[in-house]
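In: Got a predicted structure here, sequence first:
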Amino acid sequence: MVKRLDLLKELLNSYDYNTIYRLRKILNIGDDTVLLVKFAIDSNNFDFKDANMKIKKIQTKLPEKIEKNINDLIKGDPNAVFNELICSLYFQIVKQEYIDFSGRVYRFCESVFKYIFAVNEFGTVNFYSEQMDKRFLLKILKEKYDIRNNNIIFAVSNFFKNSVKYQSVINNLNNDKMKGLIELRHNSIVGHGFFSVDYEKIVDVYAAPEKVLKDFERILEGIGIVLFTKKYKIINELIVKGEEDEIKRCSQR
């Protein structure tokens with residue numbers, strides 16, 4: 001039992017929920033643990049409705065932060081969605097999946113530009129509405145503001161060029177380091193080519209991936225996003241505690 005718990009902890013430290021789910025019978029983990037693991041898998045795949053169905057079946061009382069988070073994700077709340085993207089970026093760093101990391105970097109940059117323009121235009125934003133649809137926003141930029149660039153990053157940068165609003169954020173996402181990082185994505189299989197993306201290449205054009213993540217967190221705070229990056233740490237702690245309690249119960253029988 002102890003060895004199985006050690007293996008479970010090691011897999012959790014790597015956020016390798018898929019392997020835990022595949023080994024659930026070998027690990028002899030309880031029903032609530034299986035549901036929590038599947039909840040983590042669904043959440044990381046941005047399948048929030050299915051994730052919500054999993055936690056509704058869990059017998060263990062969950063922290064209010066987790067329940068609020070999943071409800072906010074289903075609603076398309078910008079705070080929740082951006083935080084989920086940050087967690088996803090962190091997973092790629094831990095797993096050393098740097099091509100996928102570069103893809104999420106590009107998605108982050110594009111999403112920030114769409115978001116700041118949408119907030120300026122509409123006030124409040126739902127991530128799942130047309131307010132965050134690139135074609136819809138480009139149409140507004142073209143027809144209302146005569147900005148005709150089909151690249152949303154460049155178009156929004158042009159929109160704010162004569163304003164001090166968001167300039168720090170725009171400059172940080174448009175600097176040479178970020179352009180180099182995005183170029184790695186463009187040349188990879190998640191972009192338009194077949195070149196590799198590894199730790200050394202990221203360090204060479206920007207810095208350590210962990211530094212990229214910290215910079216992204218500061219950018220989110222700069223546009224008013226409230227950070228909640230401990231979601232999966234809380235989930236992991238719930239899983240470990242549940243299995244430790246189960247081991248104690250078995251030893252007392």
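Out: Everything's here; your move. The structure presented is a predicted model; accordingly, all values stated were derived computationally and were not measured.

In: what does the domain assignment say about the chain?
Out: The domain map for the chain lists 2-78+231-251, 96-222, with the assignment taken from automatic domain parsing.

In: wait, which of these is closest to L89?
Out: The stretch from the domains of the chain with the least distance to L89 (C-beta to C-beta) is domain 96-222; that distance is 5.0 Å. Quick note: C-beta positions are derived from backbone N, CA and C, even for glycine.

In: Quote the end-to-end distance of the closest one.
Out: Between the start and the finish of domain 96-222 there is a gap of 28 Å, counting by C-alpha to C-alpha, to the nearest Å.

In: And for stretch 126-133?
Out: Where stretch 126-133 begins and where it ends lie 10 Å apart, using C-alpha to C-alpha.

In: starting at the chain centroid, how far to stretch 150-167?
Out: If you compare the mean C-alpha spot of stretch 150-167 with that of the full chain, they lie 24 Å apart, counting by C-alpha atoms, centre = their mean, to the nearest Å.

In: Tell me the span between the first and last residue of it.
Out: Across stretch 150-167, the straight-line distance between its terminal residues is 21 Å, by C-alpha to C-alpha.

In: What residues of it count as buried?
Out: By 16 or more other C-beta atoms under 10 Å, the buried positions in stretch 150-167 come out as 152-153, 155-157, 159-160, 166.

In: and what of stretch 49-67?
Out: By neighbour count on 16+ other C-beta under 10 Å, the buried set for stretch 49-67 is 51-52, 54-55, 58, 62, 66.

In: With respect to L85, which of the domains of the chain lies nearest?
Out: Put simply, out of those the one that sits nearest L85 is domain 96-222, at 5.9 Å, with distance taken as C-beta to C-beta.

In: Show me where the protein dips below the pLDDT cut-off.
Out: Where the chain drops to pLDDT under 70, the residues are 1-2, 251-253.

In: Grab the most central residue of it for me.
Out: L85 (1.6 Å; C-alpha atoms, centre = their mean).

In: Confirm for me that it is in contact with R104.
Out: Yes - A contact is recorded between L85 and R104 when judged using C-beta atoms under 8 Å, the distance being 6.6 Å.

In: Quick one: residues contacting V190.
Out: Applying C-beta atoms under 8 Å, 6 or more residues apart in numbering, one finds that V190 lies in contact with 99-100, 102-103.

In: about what we covered before: which one of the buried residues of stretch 150-167 is nearest to K231?
Out: Taking C-beta to C-beta as the measure, K231 lies nearest Y166 of the buried residues of stretch 150-167, at 26.7 Å.

In: What does the closest one show for phi and psi?
Out: Recorded main-chain torsions at Y166 are phi 70, psi 10, according to degrees, to the nearest 10.
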